[in-house]
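Enquirer: test case, fold it:
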Amino acid sequence: MQALERLFTFLLTFAALAVAVAFVHREVTESSSTTGPGVRPPPKLVKGWQSWTSVGRVVGNSRGPVTLLEFVDFQCPFCRSLSSNIRSAEARRPGKVTHMVIHFPMSMHRYAYTAARLAECAQAQGKFTEMHDLLFAKQDSIGIKSWQSYASESGMTDSGATARCVGDTSRVEAIEAALRAGAKARITGTPVMFINGWRFQGSMPESTLVAAIDAIADGKHP
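Expert: Numbering: from 1, shown residues only. Next comes the predicted model:
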C-alpha cells in the first residue's frame, strides 16, 4: 500500500512539473514571437511599402499625409497597447494620420484568425473600425464571449450575414493576402508599424509615437 501511495505521489508531482514546464515554454515562446516594450531596433526606411496599403483596412475617418501601417494580431496584448496609443496620438494630431491595419494573426493565438475573420465580416457591413476597437477593448473575452455578441455590440445589424460569414471555415482571401504581405515585409511578430515607410517594431509610448509622426511629417529622420 505504501509503495502505491509513493507511486501515486510521484505521478502527481511529475504531472505538476510537466504542466509548469509547458506553461513556461508557452510564455517564453509567446514573448519571443511578439514584440513587447523592451529594447527596440532603430527605425529603418523600407522601400516599396506603399504596395502593402492595398491589403490594409482604414481605421477611423482620417485621411492624413502620414500613413501608419500596422500589422496586427487581435489576441496580441502588445497590439492592444499600441492601438490605444495610436488612437491617442491621432487625437493629438487630428487630420495628420491615416491609420491602416493589416491582418497578421499568429498561429500561437488560437482565436486570432477567427477574430480577423470577424473583422472582415464587419468590413462587409461598414463596421470595421467599430469591430477593431471592440476586439481590443474586450480582448480578454476573445474565445469566451460569442462572436455574435461582438457583432451586435459593434453595430452589425445583419445577423444572418454575420452568422454565415463567421461560420465559414474556409480561408479568407483578404487575410491570406495580408499574411503574404507580412511575409514580404519579413514580419515575424506583432505589432510592427510602417510610418511613411519607416519601420518600427514593438509597442511604443504615446509621446514617442507623436514625436515620430511629427518628425516624419516634416521629412526628418524619426
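Enquirer: around Thr53, how many other residues sit close by?
Expert: 15 (other C-beta atoms under 10 Å). Using the backbone N, CA and C atoms, a C-beta is placed for each residue, glycine as well.
Enquirer: what sits closest to it if chain neighbours are left out?
Expert: Met100 (6.2 Å; C-beta to C-beta, 6 or more residues apart in numbering).
Enquirer: run through who's touching the helix or strand containing the one you found.
Expert: Per DSSP states H and E, Met100 falls inside strand 97-103. Outside strand 97-103, the residues that touch it by C-beta atoms under 8 Å, 6 or more residues apart in numbering are 52-53, 55-60, 62-72, 86, 89-90, 116, 119-120, 132, 174-175, 178-179, 181-182, 213.
Enquirer: can you tell me which of the residues you listed are in helices?
Expert: 86, 89-90, 116, 119-120, 132, 174-175, 178-179, 181-182, 213 (DSSP state H).
Enquirer: quick check on the residues you listed: which are buried?
Expert: Buried subset of the ones in helices among the contacts of strand 97-103 (neighbour count, 16 or more other C-beta atoms under 10 Å): 86, 89-90, 116, 119-120, 132, 174-175, 178-179, 181-182, 213.
Enquirer: with pLDDT and distance to Pro77 added, can I get those in TSV?
Expert: Below are those laid out as TSV (pLDDT from 0 to 100; distance: C-beta to C-beta, whole Å):
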residue	pLDDT	distance to Pro77
Ile86	96	15
Ala89	95	19
Glu90	93	21
Ala116	97	16
Ala119	97	17
Glu120	97	22
His132	98	16
Ala174	96	24
Ile175	97	20
Ala178	97	20
Leu179	97	20
Ala181	97	23
Gly182	96	19
Ile213	96	23
